[in-house]
Each structure stands twice: as C-alpha cells, then as structure tokens.
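1. Output the structure for:
(2 chains)
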Protein chains: 2
Amino acid sequence: MSAPIDFYFDFASPYGYIASALIDQLAERQGRAVNWHAIVLDANFNSLERIRIPNNVMRSDYVRRDAERLAAYEGVKYQTPSTLGLHTEQAARLFHWINDRSPEQGRTFAKQVLEAYFVQDLNIASSEVLLAIAESMGITPEDFHEASSSSSSRQRLKAEVDMAEARGVFGSPFFIVEGERFWGNDRLPQLERWLSAGPY
Amino acid sequence: MSAPIDFYFDFASPYGYIASALIDQLAERQGRAVNWHAIVLDANFNSLERIRIPNNVMRSDYVRRDAERLAAYEGVKYQTPSTLGLHTEQAARLFHWINDRSPEQGRTFAKQVLEAYFVQDLNIASSEVLLAIAESMGITPEDFHEASSSSSSRQRLKAEVDMAEARGVFGSPFFIVEGERFWGNDRLPQLERWLSAGPY
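-> Below is the predicted model of the structure:
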C-alpha cells in the first residue's frame, strides 16, 4: 500500500469543510488512504501567531464570497454561517477521542460537525450541539465528558497540534503525502497529479 | 464587447509572473480583453500592511517549493530567483509610462521584466537591467529617465496603487471582472467558469 495522505483541517475553516467533501474521492481515485487530523489554528499554534492573516474587513468580505463561490464551483453544499471563527477546541478533542478508537467513526463525527456548522448554521462551539451529534453516534454522556474535557484529551489535541506544526502545517486545509506539502483546496489538482504521475 | 479583465500583478511576485503567462490565453478563449496593472504590494499599500503575511522561514520554504511546483504544473518556464522580494517600484513606474502610451508595448515590457527575474535570474531592481530591456524596445535614455524617476511618474504609480486598494485588491495576481474579485492563479478556473457560464 502506498503512503496515505495526511489531511489537516480546522473545524472553524470553511475551506477545510470544502476539502472534507473532496479529499476522500480524490484519494480513492488514486488508491490512497486518508488520515484525517483535526487541528486548532488559533490558540496554541505558535508559528501560526506569526503567519496568520489578520481578520480585517476587506479580507473577510473576500473570503466570505470566495468560500461561497468555491463551494458552488465544486458542487459542495454550503451556507455561510452567521458566526465565522468559532472556537473549535472541544470539537477537535472529541474528534481525536473518537478517531483514535475508530477512524471510520472519527470521519463520521467530523463530517457531521462540519455540516452542522457550514450547512445547518449550528453553533459547534456549544456543548449541546456536539453532544447531540455524539449521542446520535452512540457515545455515552460519560464518554462525551471524558473526551471533551479530560486532561488526557487536552494533551492529545496539543500533541496533534505540535506534530502538525513540526511537519510544517500552517493552514486549513493542509495535505501532506510523501513529505510533500499542499496548502488549500486549490492545490488538490497538483496533489492528484503528484499521486498519479509521481513527483514533479 | 464584454467587460475586460483587470489583471493586477507585482513584479516581485512569482505567482504574478505565472499568471502573466496564463491570463491572456484564458481571456482569448472567452473573448475578453485584459488590462494589465503593475502594482507594488509593500511600501505604500496601506491596507496591505495589515494583511500581509510575514515572511517567516516556514512559509518562505513553502512558497519557494509551491511556486516551482505550480510553474511545472502549468507548464510555465520558471527558476526561483537567487533573491526573492526585490523592490519593484522602478519597474512598475516604467511599466505605466510605457503602457499608458501603448498597452501592447506595456505588455511586452512587463513580460520581459518578469522573464528577466523569474527565468534569467536578473536583478530587476537594478537600473541597468531595466534600461537594457527598455532600450531593446526603442525607448531612449531620456524617456527612460523620465519614466523611472519623474514626479509625474511617481504620482502615476501611486494613483494606480490607490485605485487598486480602493477596488479591494490585496495580493498578486489579482483579477477583477464585472466587479467580481479573484485572488491567485488557483482561482483562474473559477474566473473562466464565470466568463463562460455567467455569475454563480
């Protein structure tokens, strides 16, 4: 089996959501597996403090329009949430708790959270919204509490973010395969050529 | 005739160079004209001071590799210059002086300067390099001096940059058509769909 694709996303990122709807099909076409990695780009990502683009109005307007247009272009269902930039630590901790036990379940959880935010306009920074999704997947309230807020779950997410940073990840979505980094949905055609025709 | 495409680029931007090799063919396929606009993204572009991404090592490494890969992907001749981030005010002033007199000549000048930087690894911040290009196009040393450093030529560039800022331009390459903004080479397929199938 060839090397899998590492797919990094932040639950707060519209572009990460759009990528989540595209990456598995691309990988399947090329006979690769995908490892999904939820990260959090704001709080504790040290390098990102130096490279993040300040959220000024001009760029926000552009990104709002651009994400809508990209989703339409790619045929992905999308509605701009009423609040962009929600805190996503809890969702990311839950993701890893579930994903470490079952990548299939992790992916299901991630897709439901992303659709809750970017299609249904639900507040995924709210415990109630996340709990409803987790319960629909058979997760008990006790496990939900453990996954959401235990110190081991916090450490798990921090380690993931540290690892992402060490590998040179600095945005969402971000893809790494065979050591080659691809940033953004717009690099997916280049990633696909890399997989189909080899390094260039 | 349908509205032209406004194409903004900075002579210092590898991505602007790659776009310069792609945009005219795209426009021709769609029956549109292209107006080329040289801008300078660093010094006097006020909004950009707030949105520019600091040039840290991680991102530089990424961009260096990404530009090479993108050029290979698009089939555009490209060699990473030994010095990235040259000052490009003089080249931009010369461009507008020439372009205001003849857009065809302006485009020829722009292409030669971009190729000097991104194919031949010449220092386009040097007057000698720019003068050689201008002279090869029949521009006299007197006109070169006027275009390079007169106060009217400086004002011309400042007005161009102010206009770009007022229109919401904040990167290179940047395209505007029918009021719709597209940032980056990776948005060219979306621009082309806009032109071929209408707004979406």
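2. can you tell me the residue of chain A closest to chain B?
-> The minimum distance from chain A to chain B, using C-beta to the nearest C-beta, falls at residue A:186 (3.0 Å). Bear in mind the C-beta positions are built from the backbone N, C-alpha and C, glycine included.
3. Quick check: pLDDT value at that residue.
-> Note on residue A:186: pLDDT of 88.
4. what's the answer for residue A:165, then?
-> On the pLDDT scale, residue A:165 gets 86.
5. Tell me, how many residues neighbour it?
-> 17 (other C-beta atoms under 10 Å in any protein chain shown).
6. Let me know the helix or strand that it is in.
-> Using DSSP states H and E, the element containing residue A:165 is helix A:151-166.
7. For that helix, name the packing helices and strands.
-> With contacts taken as 3 or more C-beta pairs under 8 Å, 6 or more residues apart in numbering or on different chains; DSSP states H and E, helix A:151-166 sits against strand A:34-38, helix A:46-51, helix A:89-101.
8. Just send these back as JSON lines, with mean neighbour count and distance to residue B:72 too.
-> Shown next, in JSON lines, are the helices and strands packed on helix A:151-166 (neighbours: other C-beta atoms under 10 Å in any protein chain shown; distance: least, C-beta to C-beta, whole Å):
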{"stretch": "strand A:34-38", "mean neighbour count": "21", "distance to residue B:72": "24"}
{"stretch": "helix A:46-51", "mean neighbour count": "15", "distance to residue B:72": "25"}
{"stretch": "helix A:89-101", "mean neighbour count": "22", "distance to residue B:72": "35"}
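9. Kindly present the ones you listed as JSON lines, with separate columns for distance to residue B:118 and mean pLDDT.
-> Listed next are the helices and strands packed on helix A:151-166 as JSON lines, based on distance: least, C-beta to C-beta, whole Å; pLDDT from 0 to 100:
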{"stretch": "strand A:34-38", "distance to residue B:118": "34", "mean pLDDT": "97"}
{"stretch": "helix A:46-51", "distance to residue B:118": "24", "mean pLDDT": "43"}
{"stretch": "helix A:89-101", "distance to residue B:118": "40", "mean pLDDT": "96"}
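10. Contacts only, for the spatially closest residue to residue A:61 that is not a sequence neighbour.
-> Distance criterion C-beta to C-beta, 6 or more residues apart in numbering or on different chains; nearest residue to residue A:61, sequence neighbours excluded, is residue B:168 at 7.5 Å. Counting by C-beta atoms under 8 Å, 6 or more residues apart in numbering or on different chains, residue B:168 touches A:58, A:61, A:62, B:176, B:181.
11. Let's see which of these end up in strands.
-> B:176, B:181 (DSSP state E).
12. picking up where we left off before, neighbours of the spatially closest residue to the residue of chain A closest to chain B that is not a sequence neighbour, just the number please.
-> Nearest-residue entry for residue A:186: residue B:186, 3.0 Å, with adjacent residues in sequence omitted and distances by C-beta to C-beta, 6+ apart. Per other C-beta under 10 Å, the neighbour tally for residue B:186 reads 18.
13. For the longest helix seen in chain A, what does the pLDDT average out to?
-> For chain A, the longest helix by residue count, based on DSSP state H, is helix A:57-74. Average pLDDT, helix A:57-74: 84.
14. what angle separates that helix from helix B:151-166?
-> 60 degrees (axes from the mean of the first three to the mean of the last three C-alpha atoms, to 10 degrees).
15. and helix A:57-74, what does it pack onto?
-> helix A:14-20, helix B:46-51, strand B:180-183, helix B:188-197.
16. Next, the buried residues of it.
-> Across helix A:57-74, burial judged by 16 or more other C-beta atoms under 10 Å in any protein chain shown covers A:58, A:59, A:62, A:63, A:66, A:67, A:69, A:70, A:71, A:73.
17. so what's the third one up against?
-> By C-beta under 8 Å, 6+ apart, the residues touching residue A:62 are B:168, B:170, B:181, B:183.
18. Nearest to residue B:149 among those?
-> When the contacts of residue A:62 are ranked by distance to residue B:149 (C-beta to C-beta), residue B:170 comes first, at 27.3 Å.
19. looking at this, that closest one is in a helix?
-> No: counting by DSSP: H, G, I helix; E, B strand; the rest coil, residue B:170 is not found in a helix; it is coil.
20. so how far is chain A from it?
-> Separation of residue B:170 from chain A (C-beta to the nearest C-beta, to the nearest Å): 6 Å.
21. That residue is in contact with residue B:183, isn't it?
-> Yes: using C-beta atoms under 8 Å, residue B:170 is in contact with residue B:183, at 7.4 Å.
22. Turn the contacts of residue B:168 into JSON lines, columns for distance to residue B:191.
-> Conversion of these to JSON lines gives the following (distance: C-beta to C-beta, whole Å):
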{"residue": "A:58", "distance to residue B:191": "19"}
{"residue": "A:61", "distance to residue B:191": "18"}
{"residue": "A:62", "distance to residue B:191": "14"}
{"residue": "B:176", "distance to residue B:191": "10"}
{"residue": "B:181", "distance to residue B:191": "10"}
